[in-house]
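# model the structure of this input:
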Amino acid sequence: MLKTLCTKILFGWLGFTETVTEPLPPKCIIALAPHTSNWDFIIGNLYSGTKNYRSDFLMKKEWFFWPMGILMRKLGGIPVYRSKQMHSTDIIAERARNSSTFRLCITPEGTRKAQADWKKGFYYIALKAEIPILLYALDYAERRIVCTKTIIPNGNIEEQMKEIKDYYKNFKGLHPKQFKI
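Numbering: from 1, shown residues only. Below is the predicted model:
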C-alpha cells in the first residue's frame, strides 16, 4: 500500500519520471545531487518508497529534537555532530561492513547552499567499506530522477571527485543558483 501511495504521489501528482539504469546492490552509498531544497528529502523518500527499500541518511543533529528525532530515526536518519571529531567515516564504514544490507544516501555538497568544495565523507565511507557509490540526480528542470553511473572507489579521490562532479553538471536543482560544481 505504501509503495502504491508513493508511486501515485511521485510519478502521478508530482509528475516525476525516472531514468535509472544502474542496479541497486544490497550495500552502497547513494550520492544524491543537486541538493538545493528540503523538498529533495521528500522526493528521495517518496522514490525509495516506490522501490520498496529503505535508505538511511545523514542529517545535522539539530533535526533530531523531540519529537522530530523519533520520526527522523524511524525514516533512517543518522544524526551528524559537526562540532565533534568522531571519525564518523570509520564508524559508518564498519557498520556497512557488518550489515547484510546497507544503503546510505548522502548529499555530497553537505548543504543546500552553493558549495563548490564538496564533502568527501561519502567517498571515504564507500572506500573503507568497499562498496559502490551510485550517482543519483534530482533534475527538477526535467522532473526526473536519474541514476546512470556507479563509481567504484579506487583511492584516487581527486580524479574520482572530478568524475562525480562532471556527472552532475547538467542537472538542475529546485533552486539552480544554489548548486555549484
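# and Pro34, how far from Val146?
11 Å (CB to CB, to the nearest Å). (Each C-beta comes from the backbone N, C-alpha and C, glycine too.)
# out of the two, which sits in the busier spot?
Neighbours per residue (other CB atoms under 10 Å) separate Pro34 from Val146, with Pro34 holding more: 27 against 21.
# for the closest residue to the more buried one other than its chain neighbours, give its distance to Ile78.
Excluding the flanking residues, the one nearest Pro34 by CB to CB, 6 or more residues apart in numbering is Gly173, at 3.3 Å. Distance, Gly173 to Ile78, using CB to CB: 23 Å.
# that older thread, residues shared between the contacts of Pro34 and Val146?
Shared contacts of Pro34 and Val146 (CB atoms under 8 Å, 6 or more residues apart in numbering): Ala137, Phe171.
# now the residue nearest to Pro34: which helix or strand?
If you go by DSSP states H and E, Gly173 is not part of any helix or strand.
# who touches the worst-scoring helix or strand of the chain on mean pLDDT?
Scoring the helices and strands of the chain by mean pLDDT, DSSP states H and E places strand 77-80 at the bottom, with a mean of 80. Contacts of strand 77-80 with the rest of the structure, by CB under 8 Å, 6+ apart, involve 56-61, 63-64, 69, 72, 88, 92, 104.
# quick one: secondary structure of Arg103?
Under DSSP: H, G, I helix; E, B strand; the rest coil, the three-state class of Arg103 is strand.
# please name the nearest non-neighbouring residue to it.
Distances taken as CB to CB, 6+ apart put Ser55 closest to Arg103, at 4.4 Å, once the chain neighbours are dropped.
# near that neighbour, how many other residues are there?
22.
# list the contacts for it?
Ile30, Gly44, Ser48, Gly76, Arg103, Leu104, Cys105.
# mind listing the strands in the protein by residue range?
17-20, 27-33, 56-60, 77-80, 102-106, 133-139, 144-151 (DSSP state E).
# direction included, what does the third one pair against?
Using DSSP bridges, the strands paired with strand 56-60 in its sheet are strand 77-80 (parallel), strand 102-106 (parallel).
# and those strands, which is most packed in?
Of the strands paired with strand 56-60, the one with the most neighbours on average (mean count of other CB atoms under 10 Å) is strand 102-106, at a mean of 23.
# quick check: Cys28 touching Glu130?
No: between Cys28 and Glu130 there is no contact under CB atoms under 8 Å: 11.0 Å.
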